[in-house]
Structures are given as C-alpha cells and as structure tokens.
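**Q** compute the structure for the input listed below.
(chains A and B)
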Amino acid sequence: GENVEQHPSTLSVQEGDSAVIKCTYSDSASNYFPWYKQELGKRPQLIIDIRSNVGEKKDQRIAVTLNKTAKHFSLHITETQPEDSAVYFCAASKDFGNEKLTFGTGTRLTIIP
Amino acid sequence: KAGVTQTPRYLIKTRGQQVTLSCSPISGHRSVSWYQQTPGQGLQFLFEYFSETQRNKGNFPGRFSGRQFSNSRSEMNVSTLELGDSALYLCASSLNRRETQYFGPGTRLLVL
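**A** Residues are numbered from 1 along each chain as shown, chains lettered A, B, ... in the order given. From the prediction side, this is the model:
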C-alpha cells in the first residue's frame, strides 16, 4: 500500500521567516495531496491541496509544490506568524478525496517570536 | 453550515468492553471516513462509507466495524477493547467520494 514519509518531524523558525515541510510518497498512482493543520486539542483542518495535474498551487502565504517524477511534494509557508504554530500533516490518495488518505507522521512547527 | 459533529467527545472504558462512536456529517455530505490518531502511529485510515456501503477499509482487526445510515450519519464500533485502542477517533465527511474531507472534533477514547 501507499507509504508517505514526512520531514522534518519538528521545525522551529523565527517569526517572519519561511518554513518548508517535505513529503515523499511511494505509490505512483496517487493523485491527490492535501495538507492539514492541527492545533493542539483541535481537529485537523485542510489548509491547501493539490492534484497531480498541477505542479504548484498558492493561497496567500501558503504554497504547495508537487514533483510527480520524484514522487515528492512540499508545503511552503512564507512570512510565518505565531498562529502558524501547529502540527502539519501531509497526505496522499489515489482517487481525489476518498480513496483513503494515507498520512505522513506530522511536523510540529514552532514559530519563535 | 454546521460542521462535522462527533459524540461523545470523551469516553473511558475498560478492557474487554465495547464502544460505539457516532458521527454526523456536514449537511448534504454523503461520504464519511473514520481515522484513528495516536502519538505512536499517527493518523490511520479505518474505513469509508458512502450510500450506506463500506467502500474502503484500512488495516485494522475485525473488532473495528462501522455502518452508515440513510441520513449519512455513521457509527463505528469497537468490540473487546484493548489498551492499545486508546486514541482519538476522527471522522471526516465529504460531499461525495471525490471531494475534500472535513474533519470532526474527534472522540477521545481511553481504555483502562
């Protein structure tokens, strides 16, 4: 089955700097890659997603890039703010949306004021 | 629209008991998926229901089961609870099978 590896497991950046989280997937048939943000004690919330027919997607300070050949995708957060501190999960699925999401192990992002 | 709701939010059980968790999807959403979240294993897919039928199943033992009702509400059941079943159980709903999933707040289960 699909396997998603996520790095780093923890990341600390100064407020205002950029943060990058990387994920690799094993199944070349995967075609949908969402990113979820989970604050302490709260539910995971979708922050951005990308389909395999697109190489990059941006939403204000957040962007995701996808390299299908290398089977990896990355989350980029620019101009980080304290409220960006959370655990971020990447995921992959084979059938946009609900061919079961396989999650990475999460990255705990801490923004240092 | 109201978000995904899950009941109960917290639950304490003892080994060997069984438990039923409930999930009400966003109004109009027809697909419900369940996930188990633990510190050690992260987020793991349990199963997915659409139109009252299980469409996908993760790698969990048969003690984990679920169902979906005609109003799209879903329940999952865990029988013969083990200590390792202690986790946050999340359900997620989507409009149809190929739409974005939105998570509920989860049910935190503690097995003693």
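
**Q** run through the bridge partners of the closest residue to B:F50 other than its chain neighbours.
**A** Spatial nearest neighbour of B:F50, excluding adjacent residues (Cβ to Cβ, 6 or more residues apart in numbering or on different chains): B:S31 at 4.5 Å. Where you see a C-beta, it was placed from the backbone N, CA and C, and this is true even at glycine. Counting by DSSP bridges, B:S31 is bridged to B:F50, B:S94.

**Q** how close does B:S31 get to A:I48?
**A** Distance of B:S31 to A:I48, computed by Cβ to Cβ, to the nearest Å: 21 Å.

**Q** more neighbours, those two?
**A** B:S31 (24 against 19; other Cβ atoms under 10 Å in any protein chain shown).

**Q** mind checking how far the more buried one is from A:N3?
**A** On the measure of Cβ to Cβ, B:S31 and A:N3 end up 24 Å apart.

**Q** and for B:C23?
**A** B:C23 is 27 Å from A:N3, by Cβ to Cβ.

**Q** who has more neighbours out of those two?
**A** Each of B:C23 and A:N3 has its neighbours counted (other Cβ under 10 Å); B:C23 has more, 27 against 11.

**Q** which residues are in contact with the spatially closest residue to B:G42 that is not a sequence neighbour?
**A** In space, and not counting its chain neighbours, B:G42 is closest to A:T105: 4.9 Å by Cβ to Cβ, 6+ apart. Going by Cβ atoms under 8 Å, 6 or more residues apart in numbering or on different chains, A:T105 touches A:5-6, A:9, B:42.

**Q** low-confidence ranges, chain A, go.
**A** Applying pLDDT under 70 to chain A flags residues A:96-99.

**Q** at 90 what do you get?
**A** A:1-2, A:41, A:51-54, A:94-101 (pLDDT under 90).

**Q** follow-up on the earlier one: let's see if you can find the most crowded of the contacts of A:T105.
**A** A:Q6 (20 neighbours).

**Q** contact partners for it?
**A** A:21-23, A:89-90, A:104-107.

**Q** swap the cut-off to 10 Å and go again
**A** By Cβ atoms under 10 Å, 6 or more residues apart in numbering or on different chains, A:Q6 lies in contact with A:21-24, A:75, A:88-91, A:103-107, B:42.

**Q** now B:P39
**A** A:106, B:87-88.

**Q** can you give me the strands in chain B?
**A** Taking DSSP state E as the test, the strands found in chain B are B:5-7, B:10-13, B:19-24, B:31-38, B:42-50, B:53-57, B:64-68, B:74-78, B:87-94, B:102-103, B:107-111.

**Q** over to chain A?
**A** A:4-7, A:10-14, A:19-25, A:32-38, A:45-51, A:56-59, A:62-67, A:72-77, A:86-92, A:102-103, A:107-112.

**Q** of all those strands, which one is nearest B:N56?
**A** Between B:N56 and these, the shortest gap by Cβ to Cβ is with strand A:102-103, which sits at 11.3 Å.

**Q** now the closest one, how far from the chain's geometric center?
**A** When distances are taken as Cα atoms, centre = their mean, to the nearest Å, strand A:102-103 is centred 11 Å away from the chain's centroid.
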